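Engineer: here are the coordinates; sequence isn't available:
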């Protein structure tokens, strides 16, 4: 297998492992793969054992990679977590989503300290509910979907990284 290509600094923020399991859930869905999508911040492709890292012991992720597929030529859509997550969840670029920064609790703009008349786009508070996510599309196709962990595409609810049930 060819050596993975460098995935840029943004890939350090986002690593996607899609594991297509060879075992199937039921006879009715025997022609559809199971899908496990893992999104991790601050993890480079070279940090896992399945990609040859000599120090980190990642046996469970290595087994998922061995039983499924490994993505070896991918790029993160943004160098920051919220914009990357929103883009990956919707399949749209951060610019098209107007989601270029980490979510904030209050409207505003990122300050740019340069001697030029540049202006940053408005801060994004929430991924618009009108946007369809990959989970919603898979659910329409009969897949059961779930989310666990860091959401971070909506403003903080009651605490840092808390997400609103609405």
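Structural biologist: Sure, I can see it. This is a predicted model, so every value here is computed, not measured.

Engineer: ranges for the helices of this protein?
Structural biologist: 8-13, 59-67, 81-90, 94-97, 134-140 (DSSP state H).

Engineer: how about those helices in CSV, adding mean neighbour count and distance to residue 74?
Structural biologist: Just so you know, the C-beta spots here come from the backbone N, C-alpha and C atoms, and that holds for glycine as well. Output for the helices of the chain, formatted as CSV (neighbours: other CB atoms under 10 Å; distance: least, CB to CB, whole Å):
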stretch, mean neighbour count, distance to residue 74
helix 8-13, 16, 7
helix 59-67, 14, 14
helix 81-90, 23, 10
helix 94-97, 16, 16
helix 134-140, 13, 15
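
Engineer: closest to residue 110 out of the ones you listed?
Structural biologist: helix 81-90 (11.7 Å; CB to CB).

Engineer: Quick one: list the elements packing against that closest one.
Structural biologist: Packing contacts for helix 81-90, counted by 3 or more CB pairs under 8 Å, 6 or more residues apart in numbering; DSSP states H and E, involve helix 8-13, helix 94-97, helix 134-140.

Engineer: average model confidence for it?
Structural biologist: Mean per-residue pLDDT for helix 81-90: 91.

Engineer: next one: it to chain centre, how far?
Structural biologist: Distance of helix 81-90 from the chain centroid (CA atoms, centre = their mean, to the nearest Å) equals 6 Å.

Engineer: now what about that helix, what contacts it?
Structural biologist: Contacts with helix 81-90, where a contact means CB atoms under 8 Å, 6 or more residues apart in numbering, come from 10, 13-14, 16, 39, 41, 76-78, 92-94, 97, 99-103, 124, 127, 131-135, 150-153.

Engineer: Stretch 96-105 too?
Structural biologist: Contacts to stretch 96-105, defined as CB under 8 Å, 6+ apart, come from residues 78, 80-83, 86-87, 90, 94, 110, 120-127, 131, 152-156.
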